[in-house]
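# The following comprises the amino acid sequence and a computationally predicted model.
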Amino acid sequence: MTPQKSVKETAASLQEVTVRFPDGTELRFAKGALLSELLTRANPRWAEPTVALKVNGTVMGLGQRLLEAPGGTDPVLIEPIFFSSPEGQEVYRHSSAHIMAQAVKELYPNAKLAIGPPIEDGFYYDFDLGRPFTPEDLEKIERKMKEIIASRYPFERKALSKKDAIRFFEEKDERYKVELIRELPEDEIVTVYEQGPFTDLCRGPHVVSTQQIAAFKLLTAAGAYWRGDERNPMLQRIYGTSFPTQEALEAHLKRLEEIKRRDHRRLGKDLDLYNMIDEIGPGLVIWHPKGALIRKLIEDFWREQHLRHGYDFVYSPHIARLDLWKQSGHLDFYRENMYAPISIEGIEYELKPMNCPFHIMIYKSHLRSYRDLPLRFAELGTVYRYERSGVLHGLMRVRGFTQDDAHLFCRPDQIEQEILKVLDLTVFTLKTFGFDEYEIYVSTRPEKAVGSAENWERATAALEAALRTKNMAYRIDPGEGVFYGPKIDLKIKDVLGRSWQCTTVQVDFNLPERFHLSYIGEDGKEHQPIMIHRALMGSIERFFGVLIEHYAGAFPLWLAPVQMKVMPITDRQHAYAHDVAEALTAAGFRVETDARNEKIGLKIREAEMAKTPYMVILGAREVQGRKLSVRKRSGENVGELEIPSFIERLNNEVSNKSV
RNA sequence: GCCGGCGUAGCUCAGUGGUAGAGCAGCUGAUUCGUAAUCAGCAGGUCGGUGGUUCAAUCCCACUCGCCGGCUCCA
């Protein structure tokens, strides 16, 4: 199996070449030198252990040789890659995945290898085992991985012809690997990596030795289809993660704990915000009073902003005749997400999955002039979409949800300006909730789509132009547009750095055509308006779920369902507590009084667990001085205040919408 | 939808082929207390649902509903 080195290559390996390091240092090396030799000799005092090297811009493993470097330049440019970079993590975790695969093969020789890539925060490997992995299996695999790491196997790269590679993996009965290799181009050189007795198909690169994987943990096992296609066999996937130090691993595990602690499904129950129950059905939310109040406050804010930004509010029904959905094209392109029609007096009606056709009907209710445009119809519109049972997830993925929807009708020359306005409103809205960072994607034409290629291009160009004007960095997401037009998707980053898709802005050249929308232009002739669909928070349900996790349930004062609790220490302060609560309520705050015959410690504990922003503690001293002793949920003691100065403080905090 | 795990009191969870327990919450009483849990008593469950095996099922089996972790998909 050892590939033969050509005579020419051997000769070449004796020659020398200059290597330039990032600090400008240049050293001479034999062309056949191992990259790890470069590193030792150069002693470059790099702060972190080097995972791999970037050689003339290509990431290479330290076990590779200088002569494999691309470009064949002299000098050869070298850059270190540390674990702290995304590339370093990829190499490190990819190697970790190989170690896991070796462990699995040693423990379960019949397991077939599929694929095992690095992913964000870790790695996975898919196996065909014929049965699922149990938690005990994972423990055994972890122990075996530790042995493999202790064995200090070097990762050795071997190149094979496609034919040899197929034969090699056929002999091992690794049918998935064979399938992968067969799809490579005919003349492709296939590389494999060996670590001790284990060989895996792999492009690489890898760390030098298994010993380099210092700290790892296997996290979960789950089913996954071969190549993500449900018609293919179900494989068994093991997820794991690895880090160069035990501390870094533990920090990561702690973060996972933190994510669990913030889980909106747990907090939603603990804080009594909302629920989803069997009797009603999966993916259908009931909002309990506290959650409903928060929702109301969010919606009030939304309405206020939309009024200021020139939107008109509209309302539309939950069902409409099937014909409407035929005309809109939803029945052709969105059917799999729609519920079965309801027959009423012989006419079929359909539960709405989107609000657009209704807003279009409002547009069509008058003859429109170019002077009327742009028209902006906004609605907190509740829609119902069939989602497969396995994809439902708390508030993040439901079957009935309310979009903060709007449809803008404008002239072609107004598109860019309208999108700019939408972006402004989006940024302002998100910022109010403490989201300052986001990822932006522009999705282009999918396979299943209506409308001409030319229209798609025009629309996409408008979206990109607006983003460039706003200096907002974006990435292209090819083929991910909705069937009726390209879109901008904005994923917000929460306090833990996780991304959530909320905002979407979609240009639509198609619905105006299907519904024969028109306006009378300056020239007195009919023209077709452009339509823009947009939702800033996306779905109120999802946005609320994200907010719960973002704030860890501790809603800022302006959103907190109960803003403060008035807590008399004994019943001798009840009368004063009543007066205080009345004064605060009269000032417009949401106040509860805890007049139970309980110790103050318990009252504070319960207010803390309910994440109430302020606690107003009233004992004999406060009654005496007609004051308030104010404590924040952070534990901070604000001290003794007079009622008016407390109210002023609260008013400031609410009007600033301090996060 | 698919693979796997789970479903026991309002919540978090023990448990067993002979019809169930704890802590918290609830109710009652006592305690009048200064910044994250006062004490005692009481009450609370057709063990997700349906069917089957069995003298006997919460436990075993089948089906079904739901939840959780993934796959796929999306606001």
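Okay, I see it.
# Could you check how many residues crowd around the residue in the stretch 351-500 of chain A positioned nearest to RNA strand B?
Closest residue of the stretch 351-500 of chain A to RNA strand B, CB to the nearest atom of the strand: A:G390 (1.9 Å). (C-beta placed from N, C-alpha, C; glycine too.) If you count neighbours by other CB atoms under 10 Å, A:G390 ends up with 6.
# Could you pull up the contacting residues of the residue in the stretch 551-659 of chain A that RNA strand B sits nearest to?
Residue nearest to RNA strand B within the stretch 551-659 of chain A (CB to the nearest atom of the strand): A:G619, separated by 2.2 Å. Contacts for A:G619 (CB atoms under 8 Å, 6 or more residues apart in numbering) come out as A:P568, A:I569, A:T570, A:Q573, A:I600, A:S629.
# Name only those of the residues you listed that count as buried.
Buried subset of the contacts of A:G619 (neighbour count, 16 or more other CB atoms under 10 Å): A:P568, A:I569, A:Q573, A:I600, A:S629.
# could you pick out which of those residues are near RNA strand B?
A:I569, A:I600, A:S629 (CB under 7 Å from any atom of the strand).
# which residue packs closest to the first one, ignoring adjacent ones?
If you skip the residues right next to it in sequence, A:I569 has A:G619 as its closest partner in space, 4.0 Å away by CB to CB, 6 or more residues apart in numbering.
# sorry, back to before: how about the ones next to RNA strand B among the buried ones among the contacts of A:G619 in a markdown table, adding secondary structure and pLDDT?
Below are these laid out as a markdown table (DSSP: H, G, I helix; E, B strand; the rest coil; pLDDT from 0 to 100):
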| residue | secondary structure | pLDDT |
| --- | --- | --- |
| A:I569 | coil | 94 |
| A:I600 | helix | 94 |
| A:S629 | strand | 96 |
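# Just put the residues you listed in a markdown table and tack on distance to A:D229.
Output for these, formatted as a markdown table (distance: CB to CB, whole Å):
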| residue | distance to A:D229 |
| --- | --- |
| A:I569 | 65 |
| A:I600 | 61 |
| A:S629 | 63 |
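# And the helices in the stretch 151-300 of chain A?
With DSSP state H, counting those that start in this stretch, the ranges of helices along the stretch 151-300 of chain A come out as A:162-171, A:175-182, A:246-261, A:264-270, A:289-308.
# Please identify the residue of the stretch 51-200 of chain A positioned nearest to RNA strand B.
At 3.9 Å from RNA strand B, A:P132 is the closest residue in the stretch 51-200 of chain A, using CB to the nearest atom of the strand.
# Phi and psi next, for that residue.
When read as degrees, to the nearest 10, the backbone of A:P132 gives phi -80, psi 160.
# A:V654: how many residues sit nearby?
Around A:V654 there are 17 residues (other CB under 10 Å).
# likewise A:E592?
Neighbours of A:E592 (other CB under 10 Å): 17.
# any chance of the buried ones among the contacts of A:G619 in JSON lines, plus distance to A:Q327?
Below are the buried ones among the contacts of A:G619 laid out as JSON lines (distance: CB to CB, whole Å):
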{"residue": "A:P568", "distance to A:Q327": "64"}
{"residue": "A:I569", "distance to A:Q327": "68"}
{"residue": "A:Q573", "distance to A:Q327": "67"}
{"residue": "A:I600", "distance to A:Q327": "65"}
{"residue": "A:S629", "distance to A:Q327": "65"}
